[in-house]
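> Sharing a sequence plus its predicted fold:
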Amino acid sequence: MNAPTIKRNTLLTLSLLLLPTLAHAHVGIGESNGFLHGMGHPLNGIDHICAMVAVGLWASQMGGRSLWLVPLTFLLVMSTGGLLGMSGVTLPFVEQGIIASVLTLGVFIAAAIRLPLVASVALVGLFALCHGHAHGAEMPASVSGLQFAMGFVLATTIFHTLGIGLGVAMQKQGRPMVVRFAGLAIIYCGACL
């Protein structure tokens, strides 16, 4: 992709991310759309945003099958965690797992650590379980669970795609250090949590 295409796609994606915020701008109207609420939920915490972008960045650094298998694993296991959370099943150390995901992925990106595919998928799956459980457990009772899940899966997909896009673009431009610096920024956010 050329630079204007990347800029256009990034601008379009960022614009789409504002839609949930605009949908909640009407004063006095309660939650009526589970999809929009689910899509907006990951935007409520920098921990979720950092982890989701980090999955895409790390997958782009590893390349090969990791480029699609690591984010896909995150989405599938996160959905399972979301179902557990919606069902009232408790998991220990969910919040600690979320913070650990941000810090660990940030370190892996900053240090350009490449694990074997099985280990990468297992680690990302563990982190995804925590993120999904948090999303599901915090779902308002007044919205559709399926629509809510579809919303947070779409938001996660967008953030993964942003991470992958940035990572691939920087590699093609011969600037892998930009991705590593993004890892440092993710570590900083994790430390602030």
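Sure thing, it's come through.
> elements contacting the helix ranked longest in the chain?
Criterion DSSP state H: the longest helix present in the chain is helix 145-172. Packed against helix 145-172 by the contact rule (3 or more C-beta pairs under 8 Å, 6 or more residues apart in numbering; DSSP states H and E) you find helix 3-17, helix 34-40, helix 46-62, helix 66-86, helix 117-137, helix 176-192. Heads up, the C-betas are built off the backbone N, CA and C, glycines and all.
> For the residue nearest to Ala149 when sequence neighbours are not counted, give me the pLDDT.
Residue nearest to Ala149 in three dimensions, not counting chain neighbours: Gly82, with 5.3 Å by C-beta to C-beta, 6 or more residues apart in numbering. What the model reports for Gly82 is a pLDDT of 92.
> got it, and Gly34?
pLDDT, Gly34: 81.
> The one 3 residues further on too?
At His37 the predicted local confidence, pLDDT, stands at 78.
> So what's the residue count around it?
Neighbour count for His37, taken as other C-beta atoms under 10 Å: 22.
> Quick check: the residue nearest to the spatial centre of the chain vs Val77, distance?
Nearest to the geometric centre of the chain sits Met52, at 1.9 Å (C-alpha atoms, centre = their mean). As for Met52, its distance to Val77 is 13 Å (criterion: C-beta to C-beta, to the nearest Å).
> contacting residues for the spatially closest residue to the residue nearest to the centre of the chain that is not a sequence neighbour?
Excluding the flanking residues, the one nearest Met52 by C-beta to C-beta, 6+ apart is Phe159, at 3.5 Å. Contacts for Phe159 (C-beta atoms under 8 Å, 6 or more residues apart in numbering) come out as 42, 49, 52-53, 55-56.
> before we move on, what about Gly190?
With C-beta under 8 Å, 6+ apart, Gly190 has these contacts: 47, 50, 99, 102-103, 106.
> quick check, nearest of these to Phe93?
Comparing these against Phe93 with C-beta to C-beta places Ile99 closest, at 9.8 Å.
> And the helix or strand harbouring the closest one, what does it pack against?
Assigning secondary structure by DSSP states H and E places Ile99 in helix 94-110. Under the contact definition 3+ C-beta pairs under 8 Å, 6+ apart, helix 94-110 sits against helix 46-62, helix 117-137, helix 176-192.
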